[in-house]
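> curious how this folds, go ahead:
(chains A and B)
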Amino acid sequence: MANKLVVKNVEAGYGSVRVLHGVSVEVAEGETVVLLGANGNGKSTLIKCIMGMVRPEAGEIYLERDGQRVDLVGRAPEEVVNLGITLVPEGRRLFPKLTVEENLLLGAYRPDARRAIGSNIEFCYKAFPILEERRRQLAGSMSGGEQQMLAVARALMSAPRILLVDEPSVGLAPIFVSRVIAKIKELKERYNLTVLMAEQNFNQAVKIADRGYIIVHGQIEFEGKDAQALAGHELVKKYYLGV
Amino acid sequence: MRGRTLLGVAVAVVIGGYLTTRFVSHGYFYFASYVILQYIMLATAWNILGGYTGYVNFGSAAFFAVGAYTSIVLIKAFKAYFIFLALAGGLASALLGLGIGYLTLRLRGVFFSIATLALAVVLQTAVINWGYVGGARGIYILRARSVPFFSSYTEFLFFMMVVFAVLSVAAAWWIENSWVGRGLAAIRDNEEAAECMGVPTLKLKLFATTVSGFFMGLAGAPFPYYVTYVEPSSAFNLDYAVNSLAMPMIGGTTSWAGPVVGAILLGAAQQIATVTISSAWNLLIVGVVLVAFVILAPEGLVGLALRLARKRGA
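Sure thing, here's the model as predicted:
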């Protein structure tokens, strides 16, 4: 099943504030694409548009699946999740007063995922042994890094084809950032996921990126065909290396 | 397996309820039991929305009164059978729940609660000005002189309330142990995250307001036959709003057992106070107990018992 996520000329915002001005992004099957940009440039808004949590004012968002086009605009988040797209939200957004295991079970809310719940939870515990140790613990009582791991594991419980990751590095110690990023790469390779990751930490993001976009003030300023092209671009130097 | 055990308990309670009417003839027993059963229903219904989903409803009295006044209309207009009254009362209240849910569920937290409070005030004013159902003067309802299988109408009402209470508790149990309940818990804990994970939040919240409304209406529908004289201030009484919220909080909001325990304990305490001191003390008792529980056992009696059991086990 070939999946391609296409975002074309999307304009979106909140109330009268326009955040995205004609953004186009494509993610092909099996790719890891990063969306780079500092805070407030529209990364999260774009992700929310894909998930159906923000409705774009103009433009198209669709999946190309086996030559068929599946429109995403106008769908509720639960329908988007049902199409195999799952988000690891910014700031983790766990269910802090539920246990680790309950959090994981909720990741499998979509009907397709409920059927495979037993094997998926086993797989999550294998991928993240710490979560099995803490399965009865309340999610809110874990450390930030563990919580981020849980957020990733919870998203995998829905057995997604496409994983959207919004700012996995926020609020984490540098060592945890590397670990989370490495984990995403490992899982991606093992399960042939397609990943779109929004991140401001360029040095970390570029470690796992096949290619990427730089978004500035709601517009795609640069499209890097590979990690090197991104690293060499002047915007990256300007934003991240301070030259 | 656990479900089958509980089904057995439910059937036993219903049979026990019927047998009680064969052997007990003390009038006050039925009076007090009716009130407690009514509160089991109200507390359980409140908890589906307030406890499982985390949306605090201050307007329970409105849902209760809609059930009561729906049956008054049907009695006046069609002399409808009891079971139709009860179902219609439940459905009218369920529709109210659905409508209110649709209009207000975008309001989160305290704003939703204020809206439900306003609902009770608006509906009471409407009923006061509606002559057909008695308006502010109130209305007398005549009971049927006899009912088959029961020696008095009071006993019949008591038995029906046993059945309804068992139904509402069974519904709460089912919700709690299904994907619906899991989704509601997600909404309670973090609504935005629930949305991200593909939990159909709007549908589930509407389901909760509707089911909660249904059982509140079902609790209110037999009320005209129980008191035989209904006026707006009795049907919209503050007691209903306060008790249906306090009972689950005291019993524990995370499981079906909490509201049942809370309703039995508080309901019985209020009956004892009514007999020994004065009914004016009822709300005061609730208030004091509620304050004590919020401070000492915020998870309610059931939560407290579970914690102690866990401590002993560990």
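> now residue A:222: which helix or strand?
Element membership for residue A:222, per DSSP states H and E: strand A:219-224.
> which parts of that strand are buried?
A:220, A:222-224 (16 or more other Cβ atoms under 10 Å in any protein chain shown). No exception for glycine: its C-beta is placed from N, CA and C like everyone else's.
> as a check, name the ranges of all strands in the stretch 1-150 of chain B.
B:139-140 (DSSP state E, counting those that start in this stretch).
> count of neighbours near residue A:206?
Counted by other Cβ atoms under 10 Å in any protein chain shown, the residues lying close to residue A:206 total 21.
> not counting its neighbours along the chain, what's nearest it?
In this structure, residue A:206 finds its nearest non-sequential neighbour in residue A:227, 5.0 Å apart by Cβ to Cβ, 6 or more residues apart in numbering or on different chains.
> do you know how far that neighbour is from residue A:210?
Using Cβ to Cβ, to the nearest Å, residue A:227 is found at 7 Å from residue A:210.
> same thing with residue A:229?
From residue A:229 over to residue A:210 (counting by Cβ to Cβ), the distance is 11 Å.
> what's the answer for residue A:12, then?
Using Cβ to Cβ, we find residue A:12 at a distance of 26 Å from residue A:210.
> can you tell me the closest non-neighbouring residue to the closest residue to chain B within chain A?
Chain B sits closest to residue A:81 of chain A, with a gap of 2.9 Å, by Cβ to the nearest Cβ. Nearest residue to residue A:81, sequence neighbours excluded (Cβ to Cβ, 6+ apart): residue B:198, at 2.9 Å.
> and that neighbour, that one's in a strand?
No. Counting by DSSP: H, G, I helix; E, B strand; the rest coil, residue B:198 is not found in a strand; it is coil.
> give the contact list for it.
With contact set as Cβ atoms under 8 Å, 6 or more residues apart in numbering or on different chains, residue B:198 has these partners: A:77-78, A:80-82, A:86, A:109-110, A:158.
> hey, where'd the helices end up in chain A?
A:43-51, A:77-82, A:100-107, A:111-115, A:117-127, A:129-133, A:144-156, A:174-191, A:202-208, A:227-232, A:234-236 (DSSP state H).
> dump the contacts of residue B:198 into JSON lines; add neighbour count as well.
As requested, the contacts of residue B:198 are exported to JSON lines (neighbours: other Cβ atoms under 10 Å in any protein chain shown):
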{"residue": "A:77", "neighbour count": "22"}
{"residue": "A:78", "neighbour count": "22"}
{"residue": "A:80", "neighbour count": "25"}
{"residue": "A:81", "neighbour count": "28"}
{"residue": "A:82", "neighbour count": "18"}
{"residue": "A:86", "neighbour count": "28"}
{"residue": "A:109", "neighbour count": "22"}
{"residue": "A:110", "neighbour count": "23"}
{"residue": "A:158", "neighbour count": "25"}
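> farthest-apart pair in these, please.
The distance between the two most remote of the contacts of residue B:198 (Cβ to Cβ) is 12.7 Å, for A:80 and A:109.
> what's the local residue count around the residue of the stretch 1-150 of chain B found nearest chain A?
In the stretch 1-150 of chain B, the residue that lies nearest chain A is residue B:54 (10.2 Å; Cβ to the nearest Cβ). Other residues lying near residue B:54 total 20 when counted by other Cβ under 10 Å.
> so what's it up against?
B:187-189 are the contacts of residue B:54 under Cβ under 8 Å, 6+ apart.
> what about 7 Å?
B:187-188 (Cβ atoms under 7 Å, 6 or more residues apart in numbering or on different chains).
> point me to the residue of the stretch 151-300 of chain B nearest chain A.
residue B:198 (2.9 Å).
> what does the pLDDT read for that residue?
Model confidence at residue B:198, given as pLDDT, is 89.
> distance of the residue nearest to residue B:153 when sequence neighbours are not counted from residue B:152?
Spatial nearest neighbour of residue B:153, chain neighbours left out: residue B:143 (4.5 Å); criterion: Cβ to Cβ, 6+ apart. Shown here: residue B:143 relative to residue B:152, a distance of 9 Å by Cβ to Cβ.
> what about the helices in the stretch 201-314 of chain B?
Ranges of helices in the stretch 201-314 of chain B, per DSSP state H, counting those that start in this stretch, are B:201-220, B:223-227, B:232-235, B:238-251, B:257-276, B:282-296, B:300-313.
> adding mean neighbour count, write those out as a markdown table.
Converted to a markdown table, these look like this (neighbours: other Cβ under 10 Å):
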| stretch | mean neighbour count |
| --- | --- |
| helix B:201-220 | 26 |
| helix B:223-227 | 22 |
| helix B:232-235 | 20 |
| helix B:238-251 | 25 |
| helix B:257-276 | 20 |
| helix B:282-296 | 14 |
| helix B:300-313 | 14 |
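> from residue A:113, how far out is residue A:70?
Residue A:70 is 18 Å from residue A:113, by Cβ to Cβ.
> who's more crowded, those two?
residue A:113 (22 against 14).
> quick check: that one touching residue A:158?
Yes. With contacts counted by Cβ atoms under 7 Å, residue A:113 reaches residue A:158, the gap being 4.6 Å.
> mean confidence for stretch A:111-124?
88.
> tell me which residues in it are buried?
For stretch A:111-124, using 16+ other Cβ under 10 Å, the buried residues are A:113, A:120-121, A:123-124.
> ok, back up a step: neighbour count: residue A:12 and residue A:210, which is higher?
Set side by side, residue A:12 and residue A:210 show more neighbours around residue A:12, with 23 against 16, by other Cβ under 10 Å.
> so what's residue A:111 closest to, chain neighbours aside?
residue A:82 (7.4 Å).
> surely the one you found meets residue A:114?
No. Counting by Cβ under 7 Å, residue A:82 stays clear of residue A:114, with 11.5 Å between them.
> residues touching the helix or strand bottoming out on mean pLDDT in chain A, excluding its own?
Least confident helix or strand of chain A, by mean pLDDT, DSSP states H and E, is helix A:234-236 with a mean of 73. By Cβ under 7 Å, 6+ apart, the residues outside helix A:234-236 that reach it are A:202, A:214, A:221-222, A:230.
> if we use 8 Å, what do you get?
Here helix A:234-236 makes contact (Cβ under 8 Å, 6+ apart) with A:36, A:202, A:214, A:216, A:221-222, A:230.
> could I get the buried residue list for stretch B:77-97?
B:80, B:82, B:85-97.
> how about the residues of the stretch 151-300 of chain B by chain A?
Within the stretch 151-300 of chain B, the residues that sit near chain A (Cβ under 8 Å from any Cβ of the partner chain) are B:179, B:182-183, B:185-186, B:189-190, B:192-200, B:202.
> ok, of those, which come out buried?
Applying 16+ other Cβ under 10 Å to those flags B:179, B:182-183, B:185-186, B:189-190, B:193-200 as buried.
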